[in-house]
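Peer 1: with the sequence up front, the predicted model follows.
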Amino acid sequence: MKTIILATDFSHNANRAAHFARQLAHDQKASLILVHAYQVWPDNPAKTGDFPLSVEATRESSEKALRRLAKELNELPGEEVPIRCIAQEGHAMNVIRSVSTAEHADLLIMSTVGTAPDSTQLMGSLATEMVAETEVPLLLIPPGITYDGLKNVVLGIDLATPPNAVALDTVLHFTRSFGSVINILCISDKPTDTDTRQQAEHIRRLLNQQPHTLTIESGEGIYDTLITFAHTNKADLIIMLPQMRNWLLKLVSEGETQRMARLSDLPLLSVV
């Protein structure tokens with residue numbers, strides 16, 4: 001892993017996510033890019049603060065805040081991490097996607113809660129929206145989480161749909177770099193079915209070089225089954241693979257990964 005991007009709106013929870021990102025970058029010997037999207041007028045009525053008319057003044061204020069955050073992060077224990085700051089005008093989602101692509105990011109990190117925390121669990125946030133829009137793996141950090149390594153990981157797989165081979169390879173790349181044990185939870189409505197067990201064994205063979213466990217459980221509610229399993233196994237991180245949904249379904253409903261991001265109290269890595 002070479003480049004990690006941390007998107008921030010300078011809220012309290014975003015700053016906590018920045019601390020998480022800095023420590024992860026330190027462990028991975030990666031560079032960290034702090035990104036902030038600014039607008040002359042607020043894009044969210046719940047936001048408060050001064051919004052000057054001058055684009056230049058807004059840009060300078062954003063850059064100053066980014067430099068202050070970078071200084072704070074490199075005052076944390078351990079060797080300094082290479083940190084760059086990027087402030088761009090525009091809608092946050094567009095800016096984050098643009099910078100992630102231009103910088104060839106290996107990982108994007110965001111807090112699940114930003115400037116409107118009270119509505120996040122009910123309606124979601126920019127971070128949960130990014131699950132469906134990002135083109136790089138997205139690590140979402142809920143409030144109250146501190147970094148203590150990512151040694152114990154839970155990977156949720158729905159056996160009704162074979163996992164994407166490229167995404168699964170990405171998961172293996174990340175977990176090897178983290179030095180993680182993968183606890184695979186295979187969810188099926190027919191857990192004792194012969195085909196189900198054969199599919200699970202195929203996944204086990206794909207991971208035979210990686211320390212792992214594999215559990216098959218029944219459950220219609222993916223969120224409840226997965227989060228209970230993660231807490232039982234004292235997971236540091238939940239990983240979810242991309243879900244294939246047509247454009248109409250994307251318009252009218254949120255995916256399981258988005259729902260997990262909205263409600264989970266554990267870090268969530270959404271692999272693309």
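Peer 2: Done, it's in. Computed from a predicted model, the values in this text were never measured in an experiment. Residues are numbered from 1 along each chain as shown.

Peer 1: so where do the helices sit in the stretch 1-150 of the chain?
Peer 2: Ranges of helices within the stretch 1-150 of the chain are 12-28, 55-73, 92-102, 120-123, 126-130, based on DSSP state H, counting those that start in this stretch.

Peer 1: which other helices and strands contact the last one?
Peer 2: Under the contact criterion of 3 or more Cβ pairs under 8 Å, 6 or more residues apart in numbering; DSSP states H and E, the helices and strands touching helix 126-130 comprise helix 92-102, strand 107-111, strand 138-141, helix 256-263. For the C-beta atoms, the positions are set from N, CA and C on the backbone; glycine is no exception.

Peer 1: so what touches it?
Peer 2: Contact with helix 126-130 is made by 92-93, 96, 108, 110-114, 120, 138, 140, 254, 258, 261-262, as judged by Cβ atoms under 8 Å, 6 or more residues apart in numbering.

Peer 1: please name whichever of those residues scores lowest on pLDDT.
Peer 2: Of all those, the model is least confident about residue 120, whose pLDDT is 41.

Peer 1: returning to that earlier point: let me have the helices and strands packed on helix 126-130 in JSON lines, adding mean neighbour count and distance to residue 36 as columns.
Peer 2: Rendered in JSON lines, the data for the helices and strands packed on helix 126-130 read as follows (neighbours: other Cβ atoms under 10 Å; distance: least, Cβ to Cβ, whole Å):
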{"stretch": "helix 92-102", "mean neighbour count": "18", "distance to residue 36": "8"}
{"stretch": "strand 107-111", "mean neighbour count": "27", "distance to residue 36": "12"}
{"stretch": "strand 138-141", "mean neighbour count": "26", "distance to residue 36": "17"}
{"stretch": "helix 256-263", "mean neighbour count": "22", "distance to residue 36": "21"}
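
Peer 1: for the ones you listed, which one sits closest to residue 62?
Peer 2: Using Cβ to Cβ as the measure, helix 92-102 is the one of the helices and strands packed on helix 126-130 that comes nearest residue 62, at 10.9 Å.

Peer 1: now do the residue of the chain most remote from its centre against residue 202, distance only.
Peer 2: The outermost residue of the chain, judged by C-alpha distance from the chain's mean C-alpha position using Cα atoms, centre = their mean, is residue 194 at 34.3 Å. If you measure residue 194 against residue 202 using Cβ to Cβ, to the nearest Å, the figure is 13 Å.

Peer 1: got the helices and strands packed on helix 126-130 as a markdown table, with distance to residue 272 columns?
Peer 2: A markdown table is the format used below for the helices and strands packed on helix 126-130 (distance: least, Cβ to Cβ, whole Å):
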| stretch | distance to residue 272 |
| --- | --- |
| helix 92-102 | 11 |
| strand 107-111 | 10 |
| strand 138-141 | 7 |
| helix 256-263 | 10 |
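
Peer 1: which stretch among the ones you listed comes nearest residue 26?
Peer 2: With distances scored as Cβ to Cβ, the stretch of the helices and strands packed on helix 126-130 nearest to residue 26 is strand 107-111 (13.4 Å).

Peer 1: sheet-wise, list the partners of that closest one with their directions.
Peer 2: Each strand pairing with strand 107-111, determined using DSSP bridges, is listed with its direction: strand 3-7 (parallel), strand 138-141 (parallel).

Peer 1: quick check: nearest residue in space to residue 207, chain neighbours excluded?
Peer 2: Here the nearest residue to residue 207 in space, its sequence neighbours aside, is residue 182; by Cβ to Cβ, 6 or more residues apart in numbering that works out to 6.6 Å.
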